[in-house]
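K.L.:
3D, please:
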Amino acid sequence: MLDELSPTLPSRIKWEVVPGRFDEHLTKTLNVIGAQKKSLAPAFVFIDPFGFSHTPFKTVANVLGNSRCEVLVNFMYEEVNRFISLEEHAEDFDNLFGTTDWRSVRNLTGPSQRRKAIHDIYLRQLKTCAAYVHSFEMLNKGNNTDYFLFFATNNLRGLEKMKDAMWRVDDTGSFQFSDHADALGLTSLFSAHPNLAPLREAILKSFKGRQVSIQSLRDWVITKTEFLPKHLKSPILAPMEEAGEVTVVNPAPKRRKGTFSDGTILKFS
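P.N.:
Okay, the predicted model is just below:
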């Protein structure tokens, strides 16, 4: 497959297949780089394991310890959930999560509660070594959670780009894709419309009575909500200005109402 792809790649792109375990090879590489007191070159590391036994969290954390590196982890939820109560795999799960907090999941019986707990523990661990973390849920043909894709980065632009890619797959903002619904023809990548009411409510709650620059508000939307900057100006701020819920403190001489250029300072009622 890679041989067929090669002719289509730019000449500067080189690839190499290295047989073996992910954690062993990457750890060896990181150790060599560390011994040289250098950092890993900017890298997007896609970690796509078979099962859960050979992707220790410490390796993921070591990658993220290089400030210009990002990871996309295929977290095999279905397998984790199936075997998490078996004591024989306790060490594997200690390594996978990088903590023993996962053991509390054994006492949970509700499927939704259990799924959320497993998801949140791994999310919380990633947040100890990355500034920004986001996830995307993949459902199988039985419409059950198969795996989660976790993206972690220290770069705000990287987070925005990944969220944009996720919105393109699920433009409802649920960050979920179902093989079950797709097989039945129930999904359309560009037909749904997101509910922006939660964004408006969050803005009013967080900035009521405050002044904020449009740039800071944009960054807040990226990092603190499920939404993107494209959901902010025309869909949310323009109607809010019309309703008197927000005013522009420093309007440009020829500013048109409902427009918010860089440098704009907003005050929320």
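
K.L.:
Could you tell me how many residues sit around the nearest residue to residue 89 once chain neighbours are set aside?
P.N.:
Distances taken as C-beta to C-beta, 6 or more residues apart in numbering put residue 83 closest to residue 89, at 5.1 Å, once the chain neighbours are dropped. (C-beta placed from N, C-alpha, C; glycine too.) Number of residues near residue 83 (other C-beta atoms under 10 Å) recorded here: 15.

K.L.:
Let me know the distance separating residue 83 from residue 122.
P.N.:
15 Å (C-beta to C-beta, to the nearest Å).

K.L.:
what sits against residue 68?
P.N.:
Shown in contact with residue 68 (C-beta atoms under 8 Å, 6 or more residues apart in numbering): 39, 40, 41, 42, 43, 154, 155.

K.L.:
go with 7 Å
P.N.:
With contacts defined as C-beta atoms under 7 Å, 6 or more residues apart in numbering, residue 68 is in contact with residue 42.

K.L.:
got the phi/psi numbers for residue 44?
P.N.:
In terms of degrees, to the nearest 10, the main-chain angles of residue 44 are phi -110, psi 110.

K.L.:
Who does it form a beta bridge with?
P.N.:
residue 70 (DSSP bridges).

K.L.:
Let the chain start at 56 from now.
P.N.:
OK, 56 is where the count begins now, so the last one is residue 99.

K.L.:
My read is that it contacts residue 121, right?
P.N.:
No: contact criterion C-beta atoms under 7 Å: residue 99 and residue 121 do not qualify, at 11.8 Å.

K.L.:
Point out where this structure drops to low pLDDT.
P.N.:
56, 234-247 (pLDDT under 70).

K.L.:
change it to 90
P.N.:
56-82, 84-85, 88-89, 92-96, 104-109, 121-122, 164, 195-199, 223-250, 307-308 (pLDDT under 90).

K.L.:
quick one, domains of it?
P.N.:
The record's domain split for the chain, according to automatic domain parsing, is 57-238, 252-323.

K.L.:
residue boundaries of the helices in this structure?
P.N.:
57-60, 77-90, 112-119, 132-138, 145-152, 166-181, 211-224, 234-238, 252-262, 269-279, 293-297 (DSSP state H).

K.L.:
Select, out of those, the one closest to residue 307.
P.N.:
helix 269-279 (12.3 Å; C-beta to C-beta).

K.L.:
center of this protein - which residue?
P.N.:
Compute the mean C-alpha point of the chain, and by C-alpha atoms, centre = their mean the closest residue is residue 189, 2.0 Å away.

K.L.:
if I look at the residue nearest to residue 144, how far off is residue 271?
P.N.:
Taking C-beta to C-beta, one finds residue 138 at 45 Å from residue 271.

K.L.:
can you check residue 300 too?
P.N.:
18 Å.

K.L.:
Likewise for residue 151?
P.N.:
Per C-beta to C-beta, residue 151 is found 37 Å from residue 271.

K.L.:
Would you mind telling me which of these two has the busier surroundings?
P.N.:
Neighbours were tallied for residue 151 and for residue 271 using other C-beta under 10 Å; the higher tally belongs to residue 151 (25 against 13).

K.L.:
So what's the residue count around the closest residue to residue 204 other than its chain neighbours?
P.N.:
With sequence-adjacent residues excluded and distances taken as C-beta to C-beta, 6+ apart, residue 204 is closest to residue 191, at 4.4 Å. Residues near residue 191, counting by other C-beta under 10 Å, number 20.
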